[in-house]
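A.B. asks: Based on what follows, work out the 3D shape:
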Amino acid sequence: MEIKRYLTETFRFNDRMNKAVLARIKELPDKAEAVRFFSHLINSQYKWMARIVRDPKAPEMDWWEPAYPLEELEARWDDSLRLWIDYLDERTEDEMYEEKRFVGYDGGEWTAPLKDIALQLNYHSIHHRAQIQTVIRSQGFEPDFVDYIGTVYRKLS
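C.D. replies: Sure, this is the predicted structure:
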């Protein structure tokens, strides 16, 4: 499989699973911690995009702030995801391996292949979704099954 297709499919998988988790967040009596993690995923996608397009505001963007109101999370998520899907769609397979320069946490110049930045965002989403699932369970709710294998396996008999 080409890396470009893999990245796009993984972003779409995370989209479906994150939206399932978001539906559960809405049921929680104490939503603050889960909203904070979900907002962080959105902010991370925005900040990484700003970094790779060399937006001069990127260094001032925060990974954790703002924490968006619950009713804005889905629209903000959709917007941050659309930026990435569109960006990848406009690139060739070879461009997935090109180094992207960005200003890092220390103000210095850093570089990483585009594919690795996109992989980071996808794996990062899985990591924090698991934390949100723990928050859901800690409040007495049964989290949804959001493992990748659950989207691809099928019973034969």
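A.B. asks: neighbouring contacts of the worst-scoring helix or strand of the chain on mean pLDDT?
C.D. replies: Least confident helix or strand of the chain, by mean pLDDT, DSSP states H and E, is helix 149-152 with a mean of 78. Residues outside helix 149-152 that contact it (Cβ atoms under 8 Å, 6 or more residues apart in numbering): 13, 16. (Glycine included, C-beta is placed from N, CA and C.)
A.B. asks: buried ones in it?
C.D. replies: By 16 or more other Cβ atoms under 10 Å, helix 149-152 has no buried positions at all.
A.B. asks: residues near residue 105, how many?
C.D. replies: 8 (other Cβ atoms under 10 Å).
A.B. asks: Pretty sure it sits in a helix.
C.D. replies: No - read with DSSP: H, G, I helix; E, B strand; the rest coil, residue 105 is coil and lies in no helix.
A.B. asks: how far away is it from residue 97?
C.D. replies: Relative to residue 97, residue 105 is positioned 24 Å away (Cβ to Cβ, to the nearest Å).
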